[in-house]
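Trainee: need a 3D model of the sequence below.
(chains A and B)
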Number of protein chains: 2
Amino acid sequence: MKKIILREDEMPTRWYNVIPDIPNGLEPPLDPETLQPVGPEKLAAVFPMGLLEQEMSQERFIDIPQEVLEIYKIWRPSPLVRAYKLEEALGTKAKIFFKNEGVSPVGSHKPNSAVPQAYYNKREGVKRLTTETGAGQWGSALSMAASRFGLECKVYMVRVSYDQKPYRKFIMQTFGAEVAASPSMDTRTGRAILARDPDTPGSLGIAISEALEDASAHDDTNYALGSVLNHVVLHQSITGLEAKKQMEIAGEYPDVIIGCCGGGSNFAGLMVPFIPDYLDGKKIEFIGYEPASCPSMTGGKLAYDSGDVAMMTPLLYMYTLGHDFVPPGIHAGGLRYHGMAPIVSALVRDGIVIPKAVHQMECFEAGILFAKTEGIIPAPETTHAIRGAIIEAMKDPKEPKTILFNFSGHGLIDMAAYDNYLNGKLSDYSYPQEQIDASLARLPKVG
Amino acid sequence: MKKIILREDEMPTRWYNVIPDIPNGLEPPLDPETLQPVGPEKLAAVFPMGLLEQEMSQERFIDIPQEVLEIYKIWRPSPLVRAYKLEEALGTKAKIFFKNEGVSPVGSHKPNSAVPQAYYNKREGVKRLTTETGAGQWGSALSMAASRFGLECKVYMVRVSYDQKPYRKFIMQTFGAEVAASPSMDTRTGRAILARDPDTPGSLGIAISEALEDASAHDDTNYALGSVLNHVVLHQSITGLEAKKQMEIAGEYPDVIIGCCGGGSNFAGLMVPFIPDYLDGKKIEFIGYEPASCPSMTGGKLAYDSGDVAMMTPLLYMYTLGHDFVPPGIHAGGLRYHGMAPIVSALVRDGIVIPKAVHQMECFEAGILFAKTEGIIPAPETTHAIRGAIIEAMKDPKEPKTILFNFSGHGLIDMAAYDNYLNGKLSDYSYPQEQIDASLARLPKVG
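Mentor: Prediction:
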């Protein structure tokens, strides 16, 4: 069979929470002022209790609400596909499977968390959501989810993307969301930055600060984050739970599980449901591929750091390049984040996840090979996972190992990046370690 | 259930050919010079025999080659979805189902024919394919199919789309196709037109002429057409064959079957497999929705006409607005064609298909309602079918009738059209009948 599709009634009805299974546990988030563990009451200003409970839960399985399942069914269960033609082109004996999350209405895995986030906010009487978006994948997903629950949605979109990626903006607007180029005149933070630097291209850090300020300033408004946090990883676990069932139907078990890593949620979502088997002694390699130009796990440090430039978020214990690290403008916008999800970070610390870095040119080359063989153009972010799968398949092409990777999204709305690649406008970039060290030297002092 | 998905082994392995079931049959294509029925030997200059046999076949079922089935499995069988939330928003008792062809790698139904066309050409030793594309859906599909079979592909893309829809161009280039803005300096036709009018925006008619000239001039090259012809309708029948099985699983049977109509292939593909039931006495309404701005069936005439401006194609017996009719620049580029597939035309003549016309503003409104309720942004073309489904569902909202329409493609690569709509830059347009009559007066004189 080319692909394995579950019936709707075979779709998982519970998410898997890996927190109780992390060997050395998670460090708690800290209040940036007191440096004490931050309590739910403080976070409740911008998050609903339903999500905060999940953020801190020690339950292994959490029921997916019926209303969320109904919306998941628009595109879920998603296909598990065997990349026969890619294998053939590589001349490898490895079996390469991918979980195709590009089939969602906005073309990526992001709605897996956008839908439950909108649901819990709606259930608790919230009327409006704010968020930030870089490349626009998360903003599109939250706009779609908000429209389904009748919530207003305001997206602070990094100005350079706002100007260069109009299609993503139009998608959000078609779903009824308000989209502001960030920094904007709509927040104190935005106005202050524009006063200093009217021509700034913006950054994810600035956009997060604006979205948080907006949510804090309005009683009826909450904030939503598309990666990094534990509840996002929880929601994304549906991809791995489905993939486990599908691999079983295929009569295979993965030797290697691969994902691309920006904030870490798509990789974690696919991989965490296999952790219990690993802890039971099953031999599995979990490999997270991050861009060499923004190497939080392979070039950064495990430490407490803020999630945004303005240090408005709690301090998270994670692999980080420093909250004021400014990654270069590589086209995989979704991978340009200074930190890594605390769950993924803890699994790296515990020796379960192996982080590796790849350069963008080899990733685009892999993406085009994938398009020509498997017929689907991957998102620039996703090409990092494909490159990773090819590396694993070619280590020893005669070894019939089974590789599973997360196809986190299609590239149809990111074609300008391919155009730049095909026309020789891209090159590789490694951030000089001394500059990473300088940014790491500015980490908040904790303990 | 929200959606019904067939297993791969339930996918149809034969296409359905409606030609023997058309009550009053099809009129043969004519040679534009002799006005005699055109023989396969003349068409063999630009089409492979495998497709010409299908074009004229009287067999009801034709086996789908194994190689084609394998590629179909990248996205097929496609889902049949119940639009519960749309029904709820409308307050109708009608059950609305849609066949989601937007799940293909290029986001539309076009690969259903692009893949077999590439296959038969490859099998007969052809090395290179040429085609034209307007909005870019067909060019993307053929580029993908050609890359899978290792064929070169050259796409003549209407200049105005080439300039305004760069993403489609990048998709084709990523699959390895050569894309030329049409009119181009690469053909005699193109050079002559550019000499007269260097700033022409181009037209589908010009692009067809260029692609045909290129194919005729090269021994190793054939031409491919994405709609209108009988073999394209045959290939598209897989959507209706799947939908029939899926409706059966849902325990429903459609009272009304709807599609949007440009060249007619997506509508015909969904509807023709239901024709035998209709002929057996089953009550089904088949309604084709065309744009009021390009109304070949509702404003044109059933007559022999050419498929292109330069009159290089055989004369086809079809509803037409005249081969030199220039439709206004509405955003549903895929519906801007002067003629209608001979199969659909014959079914209109025989009183089986009912043609209706809708305006673009009501279609965009329907498309946005669909996006907000069902979560998926439709292609501008597809909004015509959605508008049609809504009209049928609201005729008598208390009547529990079952409506099935073809969701021919998603709109993620056509977001500029939504932006124009949301910003008040679009309006409705009806072509004045006297201008249609003037263009019809220039039809070739036959018999």
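Trainee: can we go C-alpha only for contacts and neighbour counts from here?
Mentor: OK.
Trainee: can you list the residues of chain A near chain B?
Mentor: Contacts of chain A with chain B, taken as C-alpha under 8 Å from any C-alpha of the partner chain, map to A:1-3, A:5, A:7-8, A:70, A:73-74, A:81, A:103, A:105-106, A:144-145, A:147-148, A:167, A:170-171, A:174-176, A:368, A:371-377, A:412-416, A:418-419, A:422.
Trainee: buried only: go through those for me.
Mentor: A:2-3, A:5, A:7-8, A:73-74, A:81, A:103, A:105-106, A:144-145, A:147-148, A:167, A:170-171, A:174-176, A:368, A:371-377, A:412-416, A:418-419, A:422 (16 or more other C-alpha atoms under 10 Å in any protein chain shown).
Trainee: flag the shaky bits of chain A, pLDDT-wise.
Mentor: A:329-333, A:447 (pLDDT under 70).
Trainee: let's check: the centremost residue of it is which one?
Mentor: For chain A, the residue sitting closest to the mean C-alpha position, by C-alpha atoms, centre = their mean, is residue A:265 at 3.9 Å.
Trainee: name the SS class of the closest residue to residue A:444 other than its chain neighbours, please.
Mentor: Leaving out its chain neighbours, the residue that sits closest to residue A:444 by C-alpha to C-alpha, 6 or more residues apart in numbering or on different chains is residue A:305, at 6.3 Å. Under DSSP: H, G, I helix; E, B strand; the rest coil, the three-state class of residue A:305 is strand.
Trainee: which ones among the buried ones among the residues of chain A next to chain B map onto strands?
Mentor: Using DSSP state E, the members of those that fall within strands are A:3, A:81.
Trainee: give the bridge partners for residue A:180, please.
Mentor: residue A:156 (DSSP bridges).
Trainee: buried ones in whichever strand or helix holds residue A:69?
Mentor: Assigned by DSSP states H and E, residue A:69 belongs to helix A:66-72. By 16+ other C-alpha under 10 Å, the buried positions in helix A:66-72 come out as A:68, A:69, A:71, A:72.
Trainee: my read: the last one touches residue A:112, true?
Mentor: The one in question is residue A:72. Yes: if you go by C-alpha atoms under 8 Å, residue A:72 and residue A:112 touch, sitting 7.3 Å apart.
Trainee: leaving out the residues flanking it, which one is nearest to whichever residue of the stretch 101-250 of chain A sits closest to chain B?
Mentor: Taking C-alpha to the nearest C-alpha, chain B has its nearest neighbour within the stretch 101-250 of chain A at residue A:105, 5.0 Å off. For residue A:105, ignoring the flanking residues on the chain, the nearest one in space by C-alpha to C-alpha, 6+ apart is residue B:376 at 5.0 Å.
Trainee: equivalent analysis for residue A:370, please.
Mentor: Nearest to residue A:370 is residue A:86, by C-alpha to C-alpha, 6+ apart, at 6.4 Å.
Trainee: if we can go back for a sec, need the contact partners of the helix holding residue A:69.
Mentor: Residues from elsewhere that reach helix A:66-72, judged by C-alpha atoms under 8 Å, 6 or more residues apart in numbering or on different chains: A:13, A:112, A:115, A:116, A:119, B:2.
Trainee: as TSV, those residues with secondary structure and distance to residue B:324 would be great.
Mentor: Formatted as TSV, the contacts of helix A:66-72 follow (DSSP: H, G, I helix; E, B strand; the rest coil; distance: C-alpha to C-alpha, whole Å):
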residue	secondary structure	distance to residue B:324
A:13	coil	58
A:112	helix	49
A:115	helix	49
A:116	helix	53
A:119	helix	53
B:2	coil	45
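Trainee: tell me which of those residues is nearest to residue B:249?
Mentor: residue B:2 (12.3 Å; C-alpha to C-alpha).
Trainee: got the contact list for the closest one?
Mentor: Contacts of residue B:2 (C-alpha under 8 Å, 6+ apart): A:70, A:73, A:74, B:81, B:82, B:83, B:84.
Trainee: ditto for residue A:160
Mentor: A:201, A:202.
Trainee: quick one, phi psi at it?
Mentor: Main-chain dihedrals, residue A:160, degrees, to the nearest 10: phi -60, psi -40.
Trainee: which strands or helices does the lengthiest helix in chain A pack on?
Mentor: Identified as the longest helix of chain A according to DSSP state H is helix A:230-250. Judged by 3 or more C-alpha pairs under 8 Å, 6 or more residues apart in numbering or on different chains; DSSP states H and E, the packing partners of helix A:230-250 are strand A:3-4, strand A:14-16, helix A:49-56, strand A:80-82, helix A:111-123, helix A:265-271, helix A:342-349.
Trainee: hmm, who's touching the next helix or strand after that helix?
Mentor: Next in sequence after helix A:230-250, counting helices and strands by DSSP H and E, comes strand A:256-260. Contacts with strand A:256-260, where a contact means C-alpha under 8 Å, 6+ apart, come from A:266-268, A:270-271, A:284-290, A:335, A:381-385, A:388-389, A:401-407.
Trainee: ok, residue A:324 - how many residues close by?
Mentor: 18 (other C-alpha atoms under 10 Å in any protein chain shown).
Trainee: now residue A:64
Mentor: Neighbourhood size, residue A:64 [other C-alpha under 10 Å]: 15.
Trainee: isn't it right next to residue A:17, touching?
Mentor: No: assessed by C-alpha under 8 Å, residue A:64 is found out of contact with residue A:17, at 11.9 Å.
Trainee: domain parsing for chain A?
Mentor: Split into domains by automatic domain parsing, chain A comes to A:16-61+A:110-223, A:75-107+A:239-440.
Trainee: contacting residues for whatever residue of the stretch 251-400 of chain A ends up closest to chain B?
Mentor: In the stretch 251-400 of chain A, the residue found nearest to chain B is residue A:376; the distance is 5.0 Å by C-alpha to the nearest C-alpha. For residue A:376, the contact set (C-alpha under 8 Å, 6+ apart) comprises A:370, A:410, B:105, B:106.
Trainee: what sits against residue A:360?
Mentor: A:291, A:292, A:330, A:384, A:427, A:428.
Trainee: do the same with residue A:221
Mentor: Neighbouring residues of residue A:221 by C-alpha under 8 Å, 6+ apart: A:46, A:126, A:127, A:128, A:129, A:130, A:214, A:215.
Trainee: the third one: neighbour count?
Mentor: Right, residue A:127. Neighbours of residue A:127 using other C-alpha under 10 Å come to 19.
Trainee: again, but for the first one
Mentor: Under the neighbour criterion other C-alpha under 10 Å, residue A:46 is assigned a count of 25.
Trainee: which strand residues bridge the closest residue to it other than its chain neighbours?
Mentor: Distances taken as C-alpha to C-alpha, 6+ apart place residue A:222 nearest to residue A:46, at 4.5 Å, with adjacent residues excluded. On the basis of DSSP bridges, residue A:222 is bridged to residue A:129.
Trainee: any idea how many residues pack against residue A:222?
Mentor: 26.
Trainee: verify the contact between it and residue A:130 for me.
Mentor: Yes: at 6.3 Å, residue A:222 counts as touching residue A:130 under the criterion of C-alpha under 8 Å.
Trainee: from the residues of chain A next to chain B, which land in helices?
Mentor: Those of the residues of chain A next to chain B lying in helices (DSSP H): A:70, A:144-145, A:147-148, A:167, A:170-171, A:174, A:368, A:371-374, A:415-416, A:418-419, A:422.
Trainee: helix, strand, or coil at the residue lying farthest from the centre of chain A?
Mentor: Ranked by distance from the centre of chain A (C-alpha atoms, centre = their mean), the top residue is residue A:398, with 32.9 Å. Here residue A:398 is recorded as coil under three-state DSSP.
Trainee: which residue is the nearest non-sequential neighbour of it?
Mentor: residue A:93 (5.3 Å).
Trainee: next one: residue A:231
Mentor: That would be residue A:55: by C-alpha to C-alpha, 6+ apart, it lies 4.8 Å from residue A:231.
Trainee: and residue A:228, by the same measure?
Mentor: According to C-alpha to C-alpha, 6+ apart, the nearest residue to residue A:228 is residue A:341 (3.9 Å).
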